[in-house]
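Chemist: Need coordinates for the following:
(chains A, B, C and D)
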Number of protein chains: 2
Amino acid sequence: MSLTHALLGLLAVRPSSGYELTKSFEGDLGRYAWQAGHTSIYPELNRLAERGLVEVTHEGARGSRTYAVTPEGRAELREWLFAPPRAGRVRNEQVLRMFLISALDPKDALILLRGIAERTREGADELRRIRVENDDVPFTSPEGFGLLAAEFGVRQYDAVHSWAVWAIERLEKELARAQT
Amino acid sequence: MSLTHALLGLLAVRPSSGYELTKSFEGDLGRYAWQAGHTSIYPELNRLAERGLVEVTHEGARGSRTYAVTPEGRAELREWLFAPPRAGRVRNEQVLRMFLISALDPKDALILLRGIAERTREGADELRRIRVENDDVPFTSPEGFGLLAAEFGVRQYDAVHSWAVWAIERLEKELARAQT
DNA sequence: TGCTGACATGTCACCATTGACATGTCGCGG
DNA sequence: CCGCGACATGTCAATGGTGACATGTCAGCA
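Modeler: Alright, predicted model coming up:
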């Protein structure tokens, strides 16, 4: 299960409570890579603790428990990351929607593609603005994770934008040719 | 459920049997957007037929049934594609692995990043080769789907490659600074 | 003719995930 | 000091997907 390793990875960067981990999944992590709700995180943390891959290092207010990875957990994470990059199972509704646009008639397809092109341009611009503000964060710090995500996000938006623009041009050309 | 609309979309482009649909999910569709096995496809086709969104248009050898979308199915697909692009749930183990690299020590991280950079470069090159060979396929044909996927795939690979190269440079710079 | 591999569809038990529901704490502003 | 919103964790029924198992057909080849 990938959730196992997502949690190990987050805790390897910085010890956190289940609540904080839940917040992480609502940010860049959940947006680009893997999403999970608190209802799967808490039971998984208990399972990880039973297996000795994480441990409770601190109990705070309101019953909060701070977890940290054990050396065994770190080894497990490392092993997983170095394991042959098996064909990962992909589930991405956005990309599915993009592809299925070709099943519509060209007029509808153009409307949707133009919407995608605009939204991805805005998304990329917004991320670029955030990026310049956080340029001095070191890679290996807890905040380095957000840096990685932002850099990935910008390239992701640009890729989809470029794709949409290409598709629009191609469709328009074909429509023009069909009219003559 | 997204599988519903994935099937409607594929059948809207070209009537197919469950077996052929299964093959589609093993290609670009399953790689970039949404994956499904035959064990979920066949029951879903039956459900779609019951709801009148698809119908059997032909029965062939070995009990094969060819399905096609009905006007109702086409309307449902169109409605879904035009619906507000809700926050799609993302599940991508590859991207998760990329992000979790920052949880490793820099030496290990560099090894993995270099592997990613190399594999994505190869992937992009390979797709570019396929692309020039299929440049004359019309967008709206059944093969247009593959064209869309190839163009998306190239940009996707390039994005990840560029990200990996950026991460490598950044990490190397930080390591050099730490040594002095 | 018999074998093999691709074609073709199906069931079912198991597992992970989700959404609804539940419960209680703490800090802060009015 | 009261109430609200964020903090913090949890259960559980329903859902959706996976992998194992099952069955049979047809074409081509030896």
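
Chemist: so the most centrally placed residue in chain A, which of the three states?
Modeler: Chain A has A:Tyr32 as the residue nearest its centroid, 2.0 Å off, counting by CA atoms, centre = their mean. Under DSSP: H, G, I helix; E, B strand; the rest coil, the three-state class of A:Tyr32 is helix.

Chemist: Determine the number of other residues adjacent to the closest residue to it other than its chain neighbours.
Modeler: With CB to CB, 6 or more residues apart in numbering or on different chains as the criterion, A:Tyr32 has its nearest non-adjacent residue at 5.4 Å, and that residue is B:Val95. (Glycine included, C-beta is placed from N, CA and C.) Around B:Val95 there are 22 other residues, counting by other CB atoms under 10 Å in any protein chain shown.

Chemist: cool, A:Ile130 as well?
Modeler: So A:Ile130, with other CB under 10 Å, has 12 neighbours.

Chemist: Same check on A:Ala61?
Modeler: 5.

Chemist: Quickly note the distance from it to chain B.
Modeler: 27 Å (CB to the nearest CB, to the nearest Å).

Chemist: pLDDT value on that residue, please?
Modeler: At A:Ala61, the pLDDT value in this model is 89.

Chemist: near DNA strand C, which residues of chain A show up?
Modeler: A:1-3, A:35-37, A:39-40, A:44, A:61-63 (CB under 7 Å from any atom of the strand).

Chemist: among those, which ones are buried?
Modeler: A:2-3, A:35-36, A:44 (16 or more other CB atoms under 10 Å in any protein chain shown).

Chemist: The helix or strand where A:Ser162 lies packs against which elements?
Modeler: Per DSSP states H and E, A:Ser162 falls inside helix A:144-179. Judged by 3 or more CB pairs under 8 Å, 6 or more residues apart in numbering or on different chains; DSSP states H and E, helix A:144-179 is in contact with helix A:28, helix A:93-100, helix A:106-133, helix B:93-100, helix B:144-179.

Chemist: mean confidence for it?
Modeler: Here the average pLDDT along helix A:144-179 is 92.

Chemist: Buried residues, that helix. List them.
Modeler: In helix A:144-179, counting by 16+ other CB under 10 Å, buried: A:144-168, A:170-171.

Chemist: Same check on stretch A:97-107?
Modeler: A:97-104, A:106.

Chemist: And the nearest residue to A:Arg119 once chain neighbours are set aside, how far from A:Asp28?
Modeler: Distances taken as CB to CB, 6+ apart place B:Pro85 nearest to A:Arg119, at 7.7 Å, with adjacent residues excluded. From B:Pro85 across to A:Asp28, the span is 18 Å (CB to CB, to the nearest Å).

Chemist: circling back to that earlier point, any chance of the buried ones among the residues of chain A next to DNA strand C in CSV, with distance to B:Glu76 too?
Modeler: Output for these, formatted as CSV (distance: CB to CB, whole Å):
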residue, distance to B:Glu76
A:Ser2, 32
A:Leu3, 32
A:Gln35, 26
A:Ala36, 30
A:Glu44, 36
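
Chemist: just to revisit the earlier point, check the secondary structure at the residue nearest to A:Arg119 for me.
Modeler: B:Pro85 - assigned by three-state DSSP - is coil.

Chemist: residue contacts, it?
Modeler: For B:Pro85, the contacting residues are A:94, A:97, A:119, by CB atoms under 8 Å, 6 or more residues apart in numbering or on different chains.

Chemist: contacting residues for the residue nearest to the centre of chain A?
Modeler: A:149, A:152-153, A:156, B:90, B:92, B:95, B:99.

Chemist: Quick one: name the residues of chain A near DNA strand D.
Modeler: Counting by CB under 7 Å from any atom of the strand, the residues of chain A near DNA strand D are A:17-20, A:22, A:38-39, A:42-43, A:45-46, A:60-65, A:89.

Chemist: Show me the shaky parts of chain A.
Modeler: Applying pLDDT under 70 to chain A flags the ranges A:87-88, A:138-144.

Chemist: how about 90 then?
Modeler: For chain A, applying pLDDT under 90 flags the ranges A:1, A:27-28, A:61, A:83-90, A:130-148, A:174-175, A:177-180.

Chemist: distance of the residue of chain A found nearest DNA strand C from chain B?
Modeler: Nearest residue of chain A to DNA strand C: A:Thr39, at 3.4 Å (CB to the nearest atom of the strand). Distance, A:Thr39 to chain B, by CB to the nearest CB: 14 Å.

Chemist: What helices and strands are in contact with the helix or strand that residue falls within?
Modeler: In this assignment (DSSP H and E), A:Thr39 forms part of helix A:38-50. In this structure, helix A:38-50 packs against helix A:2-13, helix A:18-26, strand A:54-59, strand A:65-69, with contacts taken as 3+ CB pairs under 8 Å, 6+ apart.
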